[in-house]
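In: I'd like to go over a predicted model; first the sequence, then the structure.
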Amino acid sequence: MNKKNVLWIPLFLCITIVTACDDKSAVNTAAMEPEVEAITLTPSSVNIQSELPGRAVSFEVAEIRPQVGGIIIKRNFIEGDRVRKGELLYQIDPAPLQAKLDSVKGTLAKALSTVNNARLTFNRQSALLKSNYISQQEYDTARSQLNEAEANVAVARADVEQATINLHYANVTSPIDGISGKSSVTIGALVTANQASPLVTVQRLDPIYVDLTQSVQDYLRLKEEKSRGKIEQGKSKMPVELMLENGKHYRYTGTLLFSDPSVDEDTGSVTLRAIFPNPEGEVLPGMYVTALLNEGSQQNILKVPQEGVTHNAQGKATVLILDQNDVVQLREISAVKAVGNQWLVTTGLHPGDRVIVSGLQRIRPGMKVRVLPAGRNKPDTVEQ
């Protein structure tokens, strides 16, 4: 080996060692970059659904009270059974009422007899007055007596009609179809006309109302989004679904009837009323429920998984996004509503932005990271 070749060997070894060190440093630097999972945002349409608390209310309620007084001699229904409109519920002793009717009928007959006599007298007095056999005063007296007799007949007829109605009221019937409640009286009880406490309450449960409460903020937001065309409604009647107290999904879909035009001063909420079929009587009056209100479809909305959204000390929603060099940046957003496990973002993000959804605890703004596809290490899930 000549002297020149000997001089090149150390130099080559130094270059090789430096290159190897640089490659190892680059590998170590890449390995030190934290791994995160990110999604790329694309706009889509979302069906907006609100959960509103509510309470079931009877479709019709009839508090049965007697319209005449007397003794209950019969109860014609079983508590808790279904009753029909016009069905007899109670019978009040009709004997006193029948006696009263017979009495006023006699009074009417007497009044009719009196008016006939008064009419005959008046006709005779009219003829005598023309022949100047009686004075004008005698004629006026006869006419007055006839008018009084006719008035007495009218009063007697009214008394007969009222007594007939009262006798009819001895049969206490249901004014609606429904389910009877607990009877507050038994046979032999003395009741009075239009008493304060009802004899029984009948409720119609099919269909059934559900009264819902919605905050004023949500009510105004929904109204504004509809007016601006952000939310589209495909049906004139808004469909409503129902969750029962035990978490069971109610099988029938209802419709929204109306919203109260006033705001409750105590709660700051608006009352909405929905109606549901209830053929099996599964929903009972007074039951607390949760209504799922399909408000409509919102177009071109960006959705971010809830695990990718945090809140700062001021309570504002934030996300971590990636720039074109995979460097982390902090972005403040407006996310006012959640649908399923995703936030609907109205401001702060744009289509194509990459949002970090996993590994947020290991990173901070300004760090360069290694990006993995979202869900790479997660089992497949089915969105409910």
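Out: On my side now, so go ahead. Quick caveat, the model's predicted, so the values are computed rather than measured.

In: In which helix or strand does the residue nearest to Gln299 when sequence neighbours are not counted reside?
Out: Residue nearest to Gln299 in three dimensions, not counting chain neighbours: Ser45, with 5.0 Å by Cβ to Cβ, 6 or more residues apart in numbering. For every residue, glycine as well, the C-beta is placed using N, CA and C. Taking DSSP states H and E as the definition, one finds Ser45 inside strand 44-64.

In: Please enumerate the strands of the stretch 51-200 of the chain.
Out: 70-75, 82-83, 88-92, 171-173, 178-180, 190-191, 200-215 (DSSP state E, counting those that start in this stretch).

In: Now tabulate these in JSON lines and tack on mean neighbour count.
Out: As requested, the strands of the stretch 51-200 of the chain are exported to JSON lines (neighbours: other Cβ atoms under 10 Å):
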{"stretch": "strand 70-75", "mean neighbour count": "17"}
{"stretch": "strand 82-83", "mean neighbour count": "18"}
{"stretch": "strand 88-92", "mean neighbour count": "20"}
{"stretch": "strand 171-173", "mean neighbour count": "18"}
{"stretch": "strand 178-180", "mean neighbour count": "21"}
{"stretch": "strand 190-191", "mean neighbour count": "16"}
{"stretch": "strand 200-215", "mean neighbour count": "20"}
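
In: Redo those strands as TSV? Include distance to Ser126.
Out: Converted to TSV, these look like this (distance: least, Cβ to Cβ, whole Å):
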stretch	distance to Ser126
strand 70-75	49
strand 82-83	61
strand 88-92	50
strand 171-173	49
strand 178-180	62
strand 190-191	53
strand 200-215	60
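
In: dump the residue contacts of the residue nearest to Gln299.
Out: 297-301 (Cβ atoms under 8 Å, 6 or more residues apart in numbering).

In: from what I can see Arg143 touches Arg124, true?
Out: No. Counting by Cβ atoms under 8 Å, Arg143 sits too far from Arg124 to count as a contact (12.0 Å).

In: Of these two, give the one with the bigger neighbour count.
Out: Arg143 (15 against 12; other Cβ atoms under 10 Å).

In: Leaving out the residues flanking it, which one is nearest to the more buried one?
Out: Excluding the flanking residues, the one nearest Arg143 by Cβ to Cβ, 6+ apart is Phe122, at 5.7 Å.

In: same thing with Glu307?
Out: Using Cβ to Cβ, 6+ apart, the closest residue to Glu307 is Val357 (5.6 Å).

In: any idea whether the one you found is helix, strand or coil?
Out: strand (DSSP: H, G, I helix; E, B strand; the rest coil).

In: Sheet-wise, list the partners of the strand holding Ser45 with their directions.
Out: Paired neighbours of strand 44-64 in the sheet (DSSP bridges): strand 200-215 (antiparallel), strand 288-305 (antiparallel).
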